[in-house]
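Peer 1: this is a predicted model, with the sequence first.
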Amino acid sequence: GLGLPVPAVTAVGVDGGANQPGAPNGPDAEVMLDIEVAGAVAPGARIAVYFAPNTDQGFLDAVSTAVHDTTNHPSVVSISWGSAEIGWTPQAMTQMEDAFATAATLGVTVTVAAGDSGSGDGVGDGRPHVDFPASAPHALGCGGTTLELAGEAIRSEVVWDDLPSGGGATGGGVSAVFGVPAWQASAGVPPVPNSGGRHQPTGGRGVPDVAGDADPRTGYEIRVDGRTEAIGGTSAVAPLWAALIARLNQSLGRDVGFVNPQLYALGLPSGAAPDIVHDITVGSNGAWSAGPGWDPCTGLGSPDGSALLAAMQAPPATGA
């Protein structure tokens, strides 16, 4: 519909999983949203979709299969599934983070949606929670904004928060499981709250890292099972960033791989660094509020792809 080159889409079965379309208001919409957002932002891309059983082991095997896929060789893995940390076993989270660390070693970027239920992440106990696997230290956690345009210019971009009206809101907060990574040490992640059960006493990994438009009212028109509809959620932001990174890989002639340390080095306010992101400073997702620099709603901010490419192309600074 946009007149763009159509992506080449391949279905890959894992552990007996297969492409079995159901209904447009079910998981089909989630899958098509990812494919169509990624395919529109990175026209003509080759996209592999991994189908696995809906179990912890199936999820892990799908990620591992993608990371080690010697046929399709993905340079970016996009994940739009997850749930609150408190709902996972420690073993499952450790194994998934190990798979992401392996991806980083192999030069594969992993982008993950930060959740669509605000700071409570759908738990309902009145405490803040973050979504896993977005909270994994080797994932690029992707939060959500509400984006309004004036022509092709941004008129307004704030935290996506429709919770007061019964809708969704971007996930985000502080991990109760994973400590603060070294590359996030200067971001000003607030102390971890009491999230019930598990606790990270030395400070937790902040979620998300970056953001993008996620409000269904300002979201993405897709076609699923023959029906056209508009969909949002941070599920759209993970493939948005995945496609941007695929374009960066193409333009740079190399895979950026585990990009978090570089994004934080470039994106945190320093007075000298270029603005590679649009800093979101207005709004909240419940327990957390946006502010200058990194925050637990929209991370570093939404992307300025051209500025990010220019910053990554710049030669590294040398000491005197």
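Peer 2: Noted; the coordinates are in hand. Model, not experiment: these values are computed from the prediction.

Peer 1: any idea how far stretch 227-241 is from the chain center?
Peer 2: Offset of stretch 227-241 from its chain centre (Cα atoms, centre = their mean, to the nearest Å): 11 Å.

Peer 1: give the buried residues for it.
Peer 2: Residues 229, 231-241 are the ones in stretch 227-241 that count as buried (16 or more other Cβ atoms under 10 Å). (C-beta placed from N, C-alpha, C; glycine too.)

Peer 1: beta-bridge partners for the residue positioned nearest the centre of the chain, please?
Peer 2: With the centre of the chain defined as its mean C-alpha position, the nearest residue by Cα atoms, centre = their mean is Cys142, 2.8 Å away. Beta-bridge pairing for Cys142 (DSSP bridges): Ala113, Val210.

Peer 1: next up, the contacts around His211.
Peer 2: Heads up, residue 211 is Ala, not His. For Ala211, the contact set (Cβ atoms under 8 Å, 6 or more residues apart in numbering) comprises 142-145, 170, 237, 280, 297-302.

Peer 1: at 7 Å instead, please
Peer 2: 142-145, 237, 280, 298-299, 301-302 (Cβ atoms under 7 Å, 6 or more residues apart in numbering).

Peer 1: and these, which of them are in strands?
Peer 2: 142-145, 302 (DSSP state E).

Peer 1: could you pull out the helices for the stretch 151-300 of the chain?
Peer 2: Using DSSP state H, counting those that start in this stretch, the helices of the stretch 151-300 of the chain run over 234-252, 260-267.

Peer 1: restricted to buried residues, select the contacts of Ala211 in ChimeraX.
Peer 2: Entered in ChimeraX, the line below selects the buried ones among the contacts of Ala211, by 16+ other Cβ under 10 Å:
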select :142,143,144,145,237,280,298,299,301,302
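
Peer 1: and the contacts of Ala211, which is closest to Ala136?
Peer 2: Cys142 (12.6 Å; Cβ to Cβ).

Peer 1: and Val158, how many neighbours?
Peer 2: Each residue near Val158 was counted by other Cβ atoms under 10 Å, and the total is 18.

Peer 1: shouldn't it be in contact with Asp279?
Peer 2: No - Val158 is beyond contact range of Asp279, at 11.5 Å (criterion: Cβ atoms under 7 Å).

Peer 1: quick one: low-confidence ranges for the stretch 151-300 of the chain?
Peer 2: Along the stretch 151-300 of the chain, the model assigns pLDDT under 70 to residues 193-202, 269-274.

Peer 1: try it again with 80
Peer 2: Residues of the stretch 151-300 of the chain that meet the criterion pLDDT under 80 lie in 192-203, 267-274.

Peer 1: show me where it has strands.
Peer 2: 153-159, 173-179, 204-207, 210-213, 220-224, 227-231, 277-278 (DSSP state E, counting those that start in this stretch).

Peer 1: using a markdown table, lay out these together with distance to Glu36.
Peer 2: Listed next are the strands of the stretch 151-300 of the chain as a markdown table, based on distance: least, Cβ to Cβ, whole Å:
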| stretch | distance to Glu36 |
| --- | --- |
| strand 153-159 | 22 |
| strand 173-179 | 29 |
| strand 204-207 | 25 |
| strand 210-213 | 14 |
| strand 220-224 | 5 |
| strand 227-231 | 9 |
| strand 277-278 | 23 |
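
Peer 1: re earlier: same list, the buried residues of stretch 227-241, but as a markdown table with distance to Thr102 please.
Peer 2: Putting these into a markdown table (distance: Cβ to Cβ, whole Å) gives the following:
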| residue | distance to Thr102 |
| --- | --- |
| Glu229 | 36 |
| Ile231 | 31 |
| Gly232 | 31 |
| Gly233 | 28 |
| Thr234 | 24 |
| Ser235 | 24 |
| Ala236 | 26 |
| Val237 | 24 |
| Ala238 | 19 |
| Pro239 | 21 |
| Leu240 | 24 |
| Trp241 | 20 |
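
Peer 1: what's the closest of those residues to Ser251?
Peer 2: Trp241 (15.3 Å).

Peer 1: any idea how far Ala8 is from Asp255?
Peer 2: According to Cβ to Cβ, to the nearest Å, Ala8 and Asp255 sit 19 Å apart.

Peer 1: these two - which one has more neighbours?
Peer 2: Under the neighbour definition other Cβ under 10 Å, Ala8 and Asp255 were set side by side, and Asp255 has more, 19 against 12.
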